[in-house]
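**Student:** Below is the structure, and that's it, no one-letter string:
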Ligand code: NAD
């Protein structure tokens, strides 16, 4: 624990600024002293600097080591690469951590879900190597390396050990992509040999999806290549009631960026309507990362209380509260 922390704050665009402001108010209300260093990325940065990801955003995160980020719109088919993919690759944030935990009061067909997705964040089909082969065919190249696969698997096992989880499941399609997914699986097996205290198994990704829907209680921590990780983590968000309550973190050896799983939901921008819970829970992950576990527990308890009571929750949770009213209720609950 430190006296105060410098944290880079990226409000993002669409609903980003509203939900990030709500999350900041909740974090500030814990009493943990944070000096927020606000920088802009996304559509605002494109208008002001001619790029959605100016260099000073990356420089700020390199300096503070920690960022809280709102979602950023990726224009389909424009010349710019996704801000999110560029950020993760430029800062070598090689793990995308996405816990999916049931919160009583959030409407879902499932109860007691407690799953953790550890997604490789730097390569696979997200390496951005695509080209046309003549006018009527296109190729995307899937890159899988032993180094990236082993380090994400090691993170999954270290996480499992630290958080006292029982099992790591590696997810792949090595029966078809024998070389690329085969290497991912082989790397996970190599790392698993160093962790005899944690159970290890593997699943083919299509079967994994069905099993998660039918018997999610059988699973615990999952480690996946980038694309499957993206898809399966949305599936897991669905199990706990949707994107409004799904937090995430992008983690490297020296830096971490905390952000909700969901996007910028442009149709709700500026309406004080969006649910800030996923961003607030991302801030909970950030507080834990900073060593402020007690403050993180208080925020978590207040979120559970407000959602459980169901009186001051946003439209997607069945209520009529605005983004800021729900944050007020969480802050009020922390002071009770
Ligand atoms: P989205 O997550 O923005 O929206 C999907 C659905 O969920 C919509 O119906 C939306 O209204 C709803 N929703 C999402 N967040 C919500 C919240 N906090 N409260 C209430 N409802 C919420 O996904 P999309 O529409 O596919 O993407 C919109 C843009 O966001 C795209 O440009 C995409 O590239 C970008 N995106 C950014 C990130 C990121 O910055 N990390 C992640 C995903 C998508």
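**Tutor:** In hand now; what should we look at? The structure presented is a predicted model; accordingly, all values stated were derived computationally and were not measured.
**Student:** any idea how far the closest residue to the ligand within the stretch 201-336 of the chain is from residue 7?
**Tutor:** Minimum separation of the stretch 201-336 of the chain from the ligand (CB to the nearest ligand atom) falls at residue 263, amounting to 2.4 Å. (Glycine included, C-beta is placed from N, CA and C.) Separation of residue 263 from residue 7 (CB to CB, to the nearest Å): 22 Å.
**Student:** and what of residue 182?
**Tutor:** On the measure of CB to CB, residue 182 and residue 7 end up 40 Å apart.
**Student:** Please say which of those two ends up with more neighbours.
**Tutor:** Shown here are residue 182 and residue 7; by other CB atoms under 10 Å, residue 7 has more neighbours (23 against 16).
**Student:** What strand or helix carries that one?
**Tutor:** Following DSSP states H and E, one finds residue 7 within strand 5-10.
**Student:** Give the buried residues for that strand.
**Tutor:** 5, 7, 8, 9, 10 (16 or more other CB atoms under 10 Å).
**Student:** interface residues of the stretch 51-200 of the chain facing the ligand?
**Tutor:** 71, 72, 73, 74, 84 (CB under 6 Å from any ligand atom).
**Student:** How many neighbouring residues does the fourth one have?
**Tutor:** Read that as residue 74. Neighbour tally, residue 74, other CB under 10 Å: 17.
**Student:** and what of the third one?
**Tutor:** The burial metric for residue 73, expressed as a neighbour count using other CB under 10 Å, is 20.
**Student:** measure residue 273 to residue 14 for me?
**Tutor:** Applying CB to CB to residue 273 and residue 14 gives a distance of 12 Å.
**Student:** With neighbour numbers in mind, choose between these two.
**Tutor:** With neighbours defined as other CB under 10 Å, residue 273 and residue 14 compare such that residue 14 has more, 23 against 18.
**Student:** What residues sit buried inside the very next helix or strand once past the strand holding residue 7?
**Tutor:** Next along the chain after strand 5-10, taking DSSP H and E as the criterion, comes helix 16-29. Under the neighbour-count criterion of 16+ other CB under 10 Å, helix 16-29 has 16-27, 29 buried.
**Student:** Same list, those, but as CSV with pLDDT and distance to residue 230 please.
**Tutor:** Listed next are these as CSV, based on pLDDT from 0 to 100; distance: CB to CB, whole Å:
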residue, pLDDT, distance to residue 230
16, 97, 19
17, 97, 24
18, 98, 25
19, 98, 21
20, 98, 22
21, 98, 27
22, 98, 25
23, 98, 23
24, 98, 27
25, 98, 30
26, 98, 27
27, 98, 27
29, 98, 33
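**Student:** Assign a three-state SS to the residue of the chain positioned farthest from its centre, would you?
**Tutor:** Distance from the C-alpha centroid of the chain peaks at residue 134, with 37.1 Å (CA atoms, centre = their mean). For residue 134, the assignment made with DSSP: H, G, I helix; E, B strand; the rest coil gives coil.
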